[in-house]
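# How does the following fold in three dimensions:
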Amino acid sequence: MFSCPPGWREERSSAGIAFVSPAGHRCLSAQEANDVARRTSLALQPSRSAVSPGSGGSGAVISPDSGSLHEPSELAASHSTPVETRVRAAASQIVEVVHGVSNSEWLVELLKGMLFGANDGSKAKKEAAKRRALVLARCEALVGCCVEFLLALDDDDAAASTFVTLPTSPRMAAAAALLHGNGDEAAAAAAALEAERAAKMVATLATLHVFCKASPSLLVVHVETLLPYLKADNRIGGPAQEAKVCALVANMVSWALPLMPSNRRDARLLATAAKDFQQLTYKFGGDVVHAAVECLAVLAKATPAPIDKRISKDSEEPLLVLARTFYRVLRPRATIWPLQPQDLSKVGRGLVVLGAICRYRTATNYDDEDVEDNEDNHKGAKSNASAPSPLPLELTAHNLKNACYSCFLGYLRRDNEQVSRTALRGLSSQLIGSPRLMLRADRDGVVTAALTHASPALRLEALVGWRDILQAEELRVESGLAGKQMESRLNGGGNGSSSEDEDDDDEDYGAELNGGKGVRFSADRSASAGGSGGGAAIKRKVQGDQDSESSVVGGVLQLHVGTVLGLLFDKSKLGSSIRNAATSLLGVMLRQGLVNPLQVR
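Have a look, this model is predicted:
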């Protein structure tokens, strides 16, 4: 564990313990305080020959003990080394760039190329390794500088106003109005200053998000510093700004936490964070819900078992408890129509949260809880999307997937366009987590019904959802997760993507395509023939080295290429958006080799 750095002091308050540097800057954890203290004494200086002992020639030099990177400008000018000044200026420029662009993916790819780019030849490999070590060290310094600026903003430090000047910064005019204006002008100026502070905080977090997305290890040492921002009480204006902050922080925590060594994870702090994530699902929607649920799934896997008891009174996993809470909201309203306005908002939130849970719980937790479907509910003849299976009274780990699927189908048949769109969005999220369910969705007529629905908004939602599923499968294969799941199947291990319910889906779908005469494996026959694991074991031996999930979604969508091509000429009120979405979906299918280019020329 970390202790207070030399020269620092501890301050206790109702919010907890804060570590204060000699320059007056505050850190919320001992780990962050030690990291800041280290960065104030060491800095990068590639142009100098004086290298600190033990630096391995990376270019680190000993800098004056000048306090943090965010001192007032006069002190910074007199005490900061040239390297610290350059790092501070570079971090400021990056924050301004991220603030000014709507999409920062190009910057993420640039950082990835600099940190992990390919190299050719042994000599080039050696030189590239040195360059990457230098880039990594510089990125660490930039991240530390941004974190310091974030803490300065949180403390209303005067240095924060000089670190970054956004293009629309109203600080000078606001300060003049505060000094010389009347009451109304002073109030407007104070509001402008608060809006500027909020914009700077969001821009700084967005910059840290870019670095974390490029290399999550850069943020590992700052996870504990970021957790307090999940309280959604950051004093930065309205709910929209708070939602942005919470979504950015939740994403960074979910990416960086698995890389944190287990001996540095504070179970008490993470249990508190898990409660914060649960509260976010009740308070915000959309991206925040998905980020919070993903973090809960990561926590369930990356933290010791006692954390579950800290989050909920029973010993069940937090995601299952959360799913049961929203399921109890959705189930009684599934048979009530029309719904009251307050019920519509509850239903919409419940569908989004359940979809996120089905997506991340299946993809993150490799366990055997995602169990087989009830064959009697969907065997034989083709069913209809308007006739889903009855909803069970209670949601359990055993029936989670089937109950949520039936719930989505039940709300998808509603006449309310908003509810139907939300249900389809939730179903798309579930299909990302369980891609083989796409077979069942196609058999139930969901894919055809969504693409040919009378509502343009629902057709648009279907195109976007199917494209997202294909892209998620592509990312799963490229990230290596598909290989891990295939290895688990070969070793006889179970997970959410290779459970027996998917075997049943394959068999039933094959029986349907063969007029009800499809061949099925019999567990009894395989056992009598010397098989040790029944039908599932035989199927694992046959398919263990094949990634069948990656082809299920594409195979189903190939059957509907004609419908998608027809949507390229949609002339409804949302025709422009539908045509763009259809083009995007076909583009992904072309890239993955799922459609003949001659068909879409």
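# buried ones in the host helix or strand of residue 279?
Assigned by DSSP states H and E, residue 279 belongs to helix 267-283. By neighbour count on 16 or more other C-beta atoms under 10 Å, the buried set for helix 267-283 is 270, 271, 272, 273, 274, 276, 277, 278, 280, 281. In this view, the C-beta of every residue, glycine as well, is placed from N, C-alpha and C.
# List the buried residues of the helix or strand encompassing residue 345.
In this assignment (DSSP H and E), residue 345 forms part of helix 341-364. Across helix 341-364, burial judged by 16+ other C-beta under 10 Å covers 344, 347-364.
# between it and helix 267-283, how big is the angle?
Here helix 341-364 points in a direction 140 degrees away from that of helix 267-283 (axes from the mean of the first three to the mean of the last three C-alpha atoms, to 10 degrees).
# average model confidence for the helix holding residue 279?
The average pLDDT for helix 267-283 rounds to 88.
# I would like the residues contacting stretch 464-472, please.
Under the contact criterion C-beta atoms under 8 Å, 6 or more residues apart in numbering, stretch 464-472 has outside partners 424-425, 427-428, 431-432, 435, 438, 447, 450, 553-554, 557, 581, 584-585, 588-589, 592, 594.
# now these: which count as buried?
Here, 16+ other C-beta under 10 Å leaves 424-425, 427-428, 431-432, 435, 438, 447, 450, 553-554, 557, 581, 585, 588-589, 592, 594 buried among the contacts of stretch 464-472.
# Can you flag which of those residues belong to helices?
424-425, 427-428, 431-432, 438, 447, 450, 553-554, 557, 581, 585, 588-589 (DSSP state H).
# Closest to residue 100 out of these?
residue 581 (27.4 Å; C-beta to C-beta).
# Pretty sure the closest one sits against residue 457.
No - counting by C-beta atoms under 8 Å, residue 581 stays clear of residue 457, with 11.3 Å between them.
# Show me the shaky parts of the stretch 1-150 of the chain.
Along the stretch 1-150 of the chain, the model assigns pLDDT under 70 to residues 1-2, 13-16, 23-26, 28, 39-81, 118-125.
# Determine the residues that are contacts of both of residue 581 and residue 457.
Counting by C-beta under 8 Å, 6+ apart, nothing touches both residue 581 and residue 457.
# which strands and helices sit next to the helix holding residue 279?
helix 239-256, helix 287-302, helix 306-311, helix 318-333, helix 341-364 (3 or more C-beta pairs under 8 Å, 6 or more residues apart in numbering; DSSP states H and E).
# can we see that at 7 Å?
helix 287-302, helix 306-311, helix 318-333 (3 or more C-beta pairs under 7 Å, 6 or more residues apart in numbering; DSSP states H and E).
# How about the first one, which residues are buried there?
Judged by neighbour count using 16+ other C-beta under 10 Å, the buried positions of helix 287-302 are 288-300, 302.
# Pick the one among the ones in helices among the buried ones among the contacts of stretch 464-472 closest to residue 82.
Closest to residue 82, out of all of these and judged by C-beta to C-beta, is residue 588, at 47.9 Å.
# circling back: got CSV for the buried residues of helix 267-283, with distance to residue 31 too?
Shown next, in CSV, are those (distance: C-beta to C-beta, whole Å):
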residue, distance to residue 31
270, 14
271, 18
272, 16
273, 15
274, 20
276, 19
277, 21
278, 25
280, 24
281, 28
